[in-house]
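In: Attaching a predicted model along with its sequence, questions to come.
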Amino acid sequence: MATSFEYSNQARTYDLTRAASPSVLAPLRAALGDRPGSLVDVGGGTGNYARALADEGWRPVVLDRNAGMLGRAASKQLPVALGDASALPVADGSVDAVVFVSMLHHVPDWQAALAEARRVVRPGGVVAVMAFTREQVDVHWVLGYLPATLAHFAGLHQTRDELLGALPGAVEHPVLYEDVVDGSVAALCRRPELLLDPEVRAQTSLFEWAETHTPDELADGMARLEADLAAGVRPQDADPGRRAALGDASVLAWRRPT
């Protein structure tokens, strides 16, 4: 799968800090419905969400471009496939569901990826996309400490209107993180002290990029965050109304007409 980020460095340690979040699974379940069937988890990495869905009766295949991540998924007794999100190795109308969880911003040709997902689901099947829209990036306040990283990553995220344009008629289910189980930046913004731990940060594409490309800014930003927390400043509470209005992320559910 063509992607803007390479996860080879994280494959061996990813699961140390990242798992399937209940805050994501609830809206994902709502999007998929209560009739489990065959499912392709595109960009599913080490299979955390596929494993959770398999435990609920779904029959997932984890598809990813990174062999190291797929090796971890296979160790969880999950079927895996090496493939490209923009050219799925799946027959037309052959699966009940396709999911993308927190990965579409890594796919340069994301429109082709969503078109492929729509192609492979059966009539009545669902495409469920859990994404951080460009509008929701504003809620991830830690990026205010890292302006160069913000400038790089904001443009990788689709706007809400762009996603709805690619998934006409999709139903939106908001995601509000109440846990840090999946270790994403959006989740870690709920527990800012965890952002000071380099091992936790290292499992996110955003902080790995910053460590490589803007290390001085990262060091300065984390020092300022540590000072703010020590002074009792809780940046995650600065604008709760905006977070409530936008959500931390969204799950969009598109169902193929029967």
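Out: Yes, it's here. Every value quoted in this text rests on a predicted model; they were computed, and no experiment measured them. Numbering: from 1, shown residues only.

In: buried stuff in the helix or strand bottoming out on mean pLDDT in the chain?
Out: Lowest on mean pLDDT, DSSP states H and E among the helices and strands of the chain sits helix 240-246, with a mean of 85. Neighbour-count burial for helix 240-246 flags 243, 246 (criterion: 16 or more other C-beta atoms under 10 Å). C-beta coordinates here come from the backbone N, C-alpha and C atoms, glycine included.

In: Contacts for that helix next, please.
Out: For helix 240-246, contacts defined as C-beta atoms under 8 Å, 6 or more residues apart in numbering pick out 135, 136, 138, 139, 176.

In: can you list those residues in CSV and add secondary structure?
Out: Shown next, in CSV, are the contacts of helix 240-246 (DSSP: H, G, I helix; E, B strand; the rest coil):
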residue, secondary structure
135, helix
136, helix
138, coil
139, coil
176, coil
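
In: Just the buried subset of the residues you listed, please.
Out: Buried members of the contacts of helix 240-246, scored by 16+ other C-beta under 10 Å, are 135, 136, 138, 139, 176.

In: And for residue 116, the neighbour number?
Out: 21 (other C-beta atoms under 10 Å).

In: typed the wrong thing, it's residue 164
Out: Counted with other C-beta under 10 Å, residue 164 comes out at 17.

In: Look up how far residue 206 lies from the spatially closest residue to it that is not a sequence neighbour.
Out: Nearest non-adjacent residue to residue 164, counting by C-beta to C-beta, 6 or more residues apart in numbering: residue 170, 5.9 Å away. Residue 170 is 26 Å from residue 206, where distance means C-beta to C-beta, to the nearest Å.

In: Residue 216 too?
Out: 16 Å.

In: So for those two, which sits in the more crowded spot?
Out: Legend: neighbour count by other C-beta under 10 Å for residue 216 and residue 206, higher for residue 206 (22 against 8).
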